[in-house]
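A.B. asks: sequence first, predicted coordinates after that:
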Amino acid sequence: MRQPKTESPRWSCLRAALEVGVPAAVHKSRECLTTFFRVVLVLTLSGSLMADAQPDQGTPLKNLSLEELGNVEVTSVTKEPDEVWHTPAAIYVITAEQIRRSGYRSIPEILRLAPGVEVQQMDSNKWAVGIRGFGSRLSKSVLVLIDGRSLYTPLFRGVYWEMHDVFIEDIDRIEVIRGPGGTIWGSNAVNGVINIITKNAKDTQGALVAAGGGNEEQGFLDMRYGGAKGNFAYRMYGKAFTRGPEYHTDGHNFDDWRRQQFGFRSDWDITANDSLMIEGDIYNSDAGSKLNISTFSPPSIYAVEGNVGISGGDVVANWKHRFSEKSDLQVLAYYDRTNRNDLNYAESRDTFDVDLTYHRQMGRNNIILGAGAHVSPSNYTQLVSTVDFEPHDQTYSLYSGFLQDEITLVENRLSLQVGTKLENNSFSGFNWQPSARLLWTPNKQQSFWAAVTKAVRTPSRIEDNFQFNALAVPALPLYVRLIGDGNFVPEKMLGYEAGYRQFFSPRLYVDFASYYNSYDDLLSVENRAPMVETAPGPPHLVLPIYLRNGLEGETYGGEITPSVQITPWWQVKGSYSFLHLNVRRKAWSDDASSVAQTEGGSPNSVVVLQSLLNLPRNFELDLTYRYSSALKSPDLKIPSWSTGDARLGWGFHKYFDLSIVGENLLQPHHPEFAGEPGGPVLVRRSVYAMITFKR
C-alpha cells in the first residue's frame, strides 16, 4: 500500500499561514519562525534586485558611503578629531543611521552592533557587557563615557547599565575602542572604551515626537524640541518608558522596568575661535530585581524581589578655544549626582570632574597633553546586617596627567604615537600607563597599524573596605564572608595589537584587528581558616574569603569587520569576533573557582550581520542576525544561541514615519547569561510598533 507523502515543515508552515494567518503560524513553532525569517531574507534579496533594475523607484541609502565611513572623524583615541582611516587603534563607529535602523532602544542593545563587544542580556534591565573578554554585570574593565562624562562607579567597580540612558535620536555616534585606552582615558580603560557622543544642538532643530509599544517595550514616549538664535542653538527633551519582564520559568516576573528622563543641550559659537557646550539630565527609574539575602538573627537566607530605586542628574560643560589652525585648548567639567536604593544597600554619590586638554602641532610633532582632577564623595547606607562598607562615608579622588606625541616619520605614509598617562588615586596610589602606536598608509586604500600598551584596573571600595556574608550551611550555621580589606593592588594588562584596513573597491571595505593581551594580578578569592563568631548572636561559624591578586593569564584573538555596498539601495555590514581566554592561579593562590568562572564567562565566537535595504515608496527593511557561542562557566552553563531582529519602516508622510520592530525572532525565548537567584532569565521574542513625527 502506498504511503502518504509527508509534508515538509516549511510547506506545513506556509499552509498554516494561509489557513490561520501569519502571526499564528509564526507562533506555532521555531521552525515556522525560522522559515519566516528566511523568506524575509529572500524578499530582501529580491527587493534589492528589483530596486537595482528600477533605480527610479528607490532612493539611495541615507547611510554614509563606505568611503565616508572611513573618513568619519573620531575623538576617543586622542581627544582630538582624526579620521577612522588614519587611527592606529581598533575603533568602530556605530552611526546614528545604523542605530535608527536597528530599532534598538537601549545602550547595551546598540553595542551589539560593534565587533569585539560581547553583550549578554541578564533580564529586562540588566546586561553583562565585555570587550575582548572579561564580560560581567558591571563591565569592570571597560570605560564608558557620555560626551566625556564617565559612568564608572568606584563602589562596585564598573557600570550599572540600567542607571544610564540617552535620548536615542540625539546620538550622533558611538565610538568603540577595542583594546586598552589608558594612555588617554586612564584607569579602567583596560579592554576598551565606549564613548557615546550626542549631536550638536544645531543639528536637532524643530520638533520630534516618537511613541509606541509592544509586548516587551510596553510603552514609550520621546519628545524633543530644538531652536536657535544666531550662533546659539539649544534643545530640550523628555522621555519615558515602561518595559515588561522577560520570560521566567518559575513565573516570578520581577524584572519590569520604568524610567523617566529630562534634559537639555545648548551649543554656542561665542566667537570664531571659541565654542561652549552645556548639557544636563535628570532621571528617575524603578528597575525590578531579585536577590538572596542572609541574616544573622535568626540564621536564615531568603529571596527578595522588589524595585531598585534609581535617580540622579548631571551637568556637563565643554569649552573649546582655538589659538590657531595648529593649536587649541579644551576644558571639560561635569557634576554628576547618583542615588541608588538597592534591595540590600543604598548609596548616594556626588562626582566633580575637570579635564584640560591642550593640542599643538609643531613641524613633524603633533603634541597632546592634559591634566585632570576627579573627586567623588559618597554615602553608604547599610540596609541589612550581612552587607556593609566601613566607613560609610568616603571620598574617592583621582588626579592625572598625560602626554602624547604623534611624530610624522614619512609624510602621509608613516607616523608614530608615543605617550603615557600618570595617575594618583586614593585606593592604590601612583600608576602609569604608557603606549606606542605605529601607523603605515602605503596608499589611499590601505592602512596598517600596530600598538603596545599598558593599562591598569584600579581597586574600588569593594576591594578596599567591604564585607559580604552569605549563609552557606544553615544547620551549623556557617557563613561565607567575602572581605575586601585594602590589600588588593591594581590589575595590570600589557597589550599587543595589530590591524589592517583596506578598500578593495568603492563597494567593499574590510577592517581586521588582532591582539595578544597579558594580564597580571587579576582578582582572586583566597580562603582562610574558619572561625567562631559570637556577635551578632547566635554563635556561628565564618569562613573568610579575601579578595586578592592570585590570578594571571592571557587572551588572544581578532575581529574582522567587512562592509559591502551591494547596490546604492542595499548595504550589508558584518563582523566576526574570536576570543581565546586562558587564566591560571599563581603558585601561592588556593582559589578554587575563579579560573573556571573567568575562562567560561565570555563567548569564544560572536557573529553579527546587519542588512540595510531601501525599498520603493519610502519603505525600509532592515535585518540583523546575531550568534554567540556557549558560556561554559560552572555558574552559567549557557549553550550557544543565535537569533534575528527585523525592522520594517515606512515614511508614509513628509513628517511621519512608521516602523515595526521584532527582536529575538528565531525562538520564543533563550538564555544569554545567569545572574539573579533561581536560574537564568530567558530573553523572549518581542515586537513593538513606533510612529515618529519630525518637523
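C.D. replies: Happy to help now that I have it.
A.B. asks: can you list the weak-confidence ranges in this protein?
C.D. replies: 1-71, 76 (pLDDT under 70).
A.B. asks: which residues in it form helices?
C.D. replies: 9-20, 22-28, 30-53, 66-70, 96-102, 107-111, 182-185, 461-464, 594-599 (DSSP state H).
A.B. asks: quick one: contacts for Glu390?
C.D. replies: Residues in contact with Glu390 (C-beta atoms under 8 Å, 6 or more residues apart in numbering) are Asn465, Gln467. C-beta: built from backbone N, CA, C; applies to glycine.
A.B. asks: how near is it to Asn339?
C.D. replies: 21 Å (C-beta to C-beta, to the nearest Å).
A.B. asks: cool, and Leu648?
C.D. replies: Counting by C-beta to C-beta - Leu648 and Asn339 are separated by 40 Å.
A.B. asks: so which bits of the top strand by length along the chain are buried?
C.D. replies: Secondary structure of the chain per DSSP state E: the longest strand is strand 540-567. Within strand 540-567, the residues scored as buried using 16 or more other C-beta atoms under 10 Å are 540, 542-567.
A.B. asks: next: stretch 297-307.
C.D. replies: Residues Pro299, Ile301, Glu305, Asn307 are the ones in stretch 297-307 that count as buried (16+ other C-beta under 10 Å).
A.B. asks: once you drop chain neighbours, what's closest to the last one?
C.D. replies: Using C-beta to C-beta, 6 or more residues apart in numbering and skipping residues adjacent in sequence, the residue nearest Asn307 is Asp286, 4.2 Å away.
A.B. asks: now swap in the third one and tell me
C.D. replies: Once flanking residues are discounted, Glu305 sits nearest to Phe254: 4.2 Å by C-beta to C-beta, 6+ apart.
A.B. asks: give the contact list for the residue nearest to Asn307.
C.D. replies: Asp286 is in contact with Trp257, Arg258, Arg259, Asn307, Val308, Gly309, Ile310, counting by C-beta under 8 Å, 6+ apart.
A.B. asks: make a markdown table from those and add distance to Thr249 to it.
C.D. replies: Shown next, in a markdown table, are the contacts of Asp286 (distance: C-beta to C-beta, whole Å):
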| residue | distance to Thr249 |
| --- | --- |
| Trp257 | 20 |
| Arg258 | 24 |
| Arg259 | 26 |
| Asn307 | 22 |
| Val308 | 22 |
| Gly309 | 27 |
| Ile310 | 27 |
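A.B. asks: ok, so of these, who is nearest Val595?
C.D. replies: Comparing the contacts of Asp286 against Val595 with C-beta to C-beta places Val308 closest, at 31.1 Å.
A.B. asks: isn't the closest one up against Asn344?
C.D. replies: No: in terms of C-beta atoms under 8 Å, Val308 does not count as a neighbour of Asn344; the distance is 10.1 Å.
A.B. asks: tally of neighbours for the spatially closest residue to Arg457 that is not a sequence neighbour?
C.D. replies: Once flanking residues are discounted, Arg457 sits nearest to Glu491: 4.1 Å by C-beta to C-beta, 6+ apart. If you count neighbours by other C-beta atoms under 10 Å, Glu491 ends up with 26.
A.B. asks: repeat that for the one 3 residues further on.
C.D. replies: Leu494 sits with 15 neighbouring residues when counted by other C-beta under 10 Å.
A.B. asks: can you name the residues bridging to it?
C.D. replies: Following DSSP bridges, Leu494 is listed with bridge partners Lys454, Ser518.
A.B. asks: cool, and Glu663?
C.D. replies: Assessed by DSSP bridges, Glu663 has beta-bridge partners Ser686.
A.B. asks: now do the buried residues in stretch 661-677.
C.D. replies: By neighbour count with 16+ other C-beta under 10 Å, stretch 661-677 contains the buried residues 661-667, 670-676.
A.B. asks: let's have those residues in JSON lines, adding distance to Asn365.
C.D. replies: Converted to JSON lines, the buried residues of stretch 661-677 look like this (distance: C-beta to C-beta, whole Å):
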{"residue": "Val661", "distance to Asn365": "49"}
{"residue": "Gly662", "distance to Asn365": "53"}
{"residue": "Glu663", "distance to Asn365": "49"}
{"residue": "Asn664", "distance to Asn365": "51"}
{"residue": "Leu665", "distance to Asn365": "53"}
{"residue": "Leu666", "distance to Asn365": "53"}
{"residue": "Gln667", "distance to Asn365": "56"}
{"residue": "His670", "distance to Asn365": "53"}
{"residue": "Pro671", "distance to Asn365": "53"}
{"residue": "Glu672", "distance to Asn365": "47"}
{"residue": "Phe673", "distance to Asn365": "46"}
{"residue": "Ala674", "distance to Asn365": "51"}
{"residue": "Gly675", "distance to Asn365": "49"}
{"residue": "Glu676", "distance to Asn365": "53"}
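A.B. asks: which ones among these map onto strands?
C.D. replies: Going by DSSP E, the strands hold Val661, Gly662, Glu663, His670, Pro671 from those.
A.B. asks: quick check: the last one touching Lys637?
C.D. replies: No: applying C-beta under 8 Å as the test, Pro671 and Lys637 come out as separate, 9.1 Å apart.
A.B. asks: hmm, back to that, may I ask which of the contacts of Asp286 has the most neighbours?
C.D. replies: Neighbour counts for these peak at Trp257, which has 23 neighbours (criterion: other C-beta under 10 Å).
A.B. asks: partners of that one in the sheet?
C.D. replies: With DSSP bridges as the criterion, Trp257 is bridged to Arg243, Ala287.
A.B. asks: nearest residue to Val384 in space, please, no chain neighbours.
C.D. replies: Once flanking residues are discounted, Val384 sits nearest to Asn344: 4.9 Å by C-beta to C-beta, 6+ apart.
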